[in-house]
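1. model the structure of this input:
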Amino acid sequence: MNGNGTVDVSADRRDIRVCDLETDKDLVGAEYETTMGRTINVQAGPGRQCVSDSVFFGRIRSVMLCYGPDVNPEGGSFRWCDPRTTF
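-> As a prediction, the model looks like this:
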């Protein structure tokens, strides 16, 4: 969690919820890795909103919260990320 958004992972590490806490033009996103080796991006915003996602095969192994004008790592745009949390 940072001042821009939150990311919550369920106790069984199958569900994730990303929330944008600011009413601005920036997005909040979570880049998470599963135990099956997949990397998935979920984004919320701009503006105050939340988005949820679920893992059907495996569990969430690690997650990194990012925020900025574009939180998609493939876009190569400017973003800020908190350190990756591993479970």
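2. from Val9, how far off is the residue of the chain positioned farthest from its centre?
-> Of all residues in the chain, Phe57 has its C-alpha farthest from the mean position, at 18.4 Å, by Cα atoms, centre = their mean. The spacing between Phe57 and Val9, counted by Cβ to Cβ, to the nearest Å, is 16 Å. Backbone N, C-alpha and C define where each C-beta goes, glycine included.
3. Thr85 too?
-> Where Val9 is concerned, Thr85 sits at a distance of 8 Å (Cβ to Cβ).
4. which neighbours do those two have in common?
-> Val63 (Cβ atoms under 8 Å, 6 or more residues apart in numbering).
5. looking at the two, which one has more neighbours?
-> Val9 (19 against 13; other Cβ atoms under 10 Å).
6. so Val51 makes contact with Gly29?
-> No: between Val51 and Gly29 there is no contact under Cβ atoms under 8 Å: 9.0 Å.
7. what touches both of those two?
-> Any residue near both Val51 and Gly29 by Cβ under 8 Å, 6+ apart counts here, and that gives Val18, Val42, Gln43, Ala44.
8. just those residues: which are in helices?
-> Here DSSP state H is the test, and those give no hits in helices at all.
9. for these, which entry has the maximal number of neighbours?
-> Val18 (27 neighbours).
10. contacts only, for that one.
-> Residues in contact with Val18 (Cβ under 8 Å, 6+ apart) are 5-7, 28-30, 42-44, 50-53, 65.
11. one more time with 7 Å
-> Gly5, Val7, Val28, Gly29, Ala30, Val42, Gln43, Ala44, Cys50, Val51 (Cβ atoms under 7 Å, 6 or more residues apart in numbering).
12. what's the helix or strand bottoming out on mean pLDDT in the chain packed up against?
-> Ranking every helix and strand in the chain by mean pLDDT, DSSP states H and E puts strand 80-81 at the bottom, with a mean of 86. Here strand 80-81 touches strand 60-68, going by 3 or more Cβ pairs under 7 Å, 6 or more residues apart in numbering; DSSP states H and E.
13. having no further points to raise, I will conclude here.
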